[in-house]
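Sequence first, then the predicted structure, then my questions.
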Amino acid sequence: MITKDDLLFLQCSWQRSFISYEFSNNHHKSNDLFELLLKHYAEPQRHYHTLQHLVECITKLELVYELLDYPHEVEVALWFHDAIYDVKGKENEHLSALWAKESLVAVNASTDEIDRIFSLIMATQHTHIPHTLDEQTLVDIDLSILGEEIDRFNQYDVQVRQEYAWVPEEVYRVKRAEILETFLARPFIYTTAYFRNHFEVRARQNLQRSILQLQL
C-alpha cells in the first residue's frame, strides 16, 4: 500500500533525477511521464514489481547516493528498470531500457548518458556480474529485498508467488528453488561493500529458509 508520504517521496525523487533535462522546465511533459510511470507500476498483474518496490529501491539509493559516480543516472534507471513488466515476458528489462532511451532522447540527454542508463537497466537482468560501480550498486539495490527483515522477505515471497499464479504449484516450487539457489551459489550475493556488510548474512539466511520451505 502506497501512502501519501510515499507519493511525496517519489515526487521528490522524480524532480531530483530529472532536474537537468529540458522537460524539467515543462511541467506538463514531465508530469505526464511521471504519471505514466506510476500507472505502469500500479498495473494489476504486479504484486512485487510495484510502487512499493520502487519506493524501497529509491530509499536504498538514498543511503549510498554520495558514493556513486553518476547518482542521478542510477535514479533515472531505477525509475525505468521495471517500467515494463509482463509476468510471462522475456524482454521486460530490454523494453524498459528502450522506453528510458526514447524518453531521454526526447529531452536531449547526451549519448553517453543514455548509453549508461540503458546499461544500468539491462544490468537488472541479473544474468552477469555488473562491472561499473553504478551498475553494481543498482543491482545490489534491486536485490536488497533478499536481505530484508524476515516479515518483509516473507511478504516478498508471497508477492512473487502471486505474480506467477499461473504456474502450477509443483513446477513453481522447483523453478523458484533453482533461481534462489543460483544466488546462494555465488561467492557473494552483493558486490558493493555497503550492501554486503548490511544485507549479505540475512539474505543467505532468508534464501536458505525459503528454499527449505519450497522443498517441503
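Looks like it came in fine.

Report the buried residues of stretch 114-132.
114, 116-124, 130 (16 or more other C-beta atoms under 10 Å). Glycine gets a C-beta too; all of them are placed from N, C-alpha and C.

Give me the subset of those residues that lies in helices.
Of the buried residues of stretch 114-132, the ones assigned to helices by DSSP state H are 114, 116-123.

Tell me the one of the residues you listed nearest Lys90?
Closest approach to Lys90 among those (C-beta to C-beta): Met122, at 13.5 Å.

Could you measure from the most centrally placed residue in the chain over to Val74?
Note on the chain: the residue nearest the mean C-alpha position is Asp142, at 4.2 Å, using C-alpha atoms, centre = their mean. The gap separating Asp142 from Val74 is 11 Å, by C-beta to C-beta, to the nearest Å.

And for Glu149?
For Glu149, the distance to Val74 - C-beta to C-beta - is 24 Å.

ok, now Lys90?
For Lys90, the distance to Val74 - C-beta to C-beta - is 25 Å.

Neighbour count for these two, which is higher?
The neighbour count for Lys90 versus Val74, taken as other C-beta atoms under 10 Å, is higher for Val74 (27 against 8).

can you pull the contacts of the more buried one?
By C-beta atoms under 8 Å, 6 or more residues apart in numbering, the contact set of Val74 is 61, 68, 120, 134, 137-138.

Let me see the ranges of the helices in this protein.
The residue ranges that make up the helices of the chain, judged by DSSP H, are 4-17, 27-41, 51-64, 71-80, 92-106, 111-123, 133-143, 150-163, 169-184, 193-214.

Can you tell me which of these is nearest to Asp86?
helix 92-106 (6.1 Å).

same for the closest one, what does it pack against?
helix 71-80, helix 111-123 (3 or more C-beta pairs under 8 Å, 6 or more residues apart in numbering; DSSP states H and E).

Let me have those in a markdown table, adding distance to Leu37 as columns.
Formatted as a markdown table, these follow (distance: least, C-beta to C-beta, whole Å):
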| stretch | distance to Leu37 |
| --- | --- |
| helix 71-80 | 6 |
| helix 111-123 | 13 |
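
hang on, the earlier thing: so which one among the buried residues of stretch 114-132 has the lowest pLDDT?
Within the buried residues of stretch 114-132, the minimum per-residue pLDDT falls on Pro130 (89).
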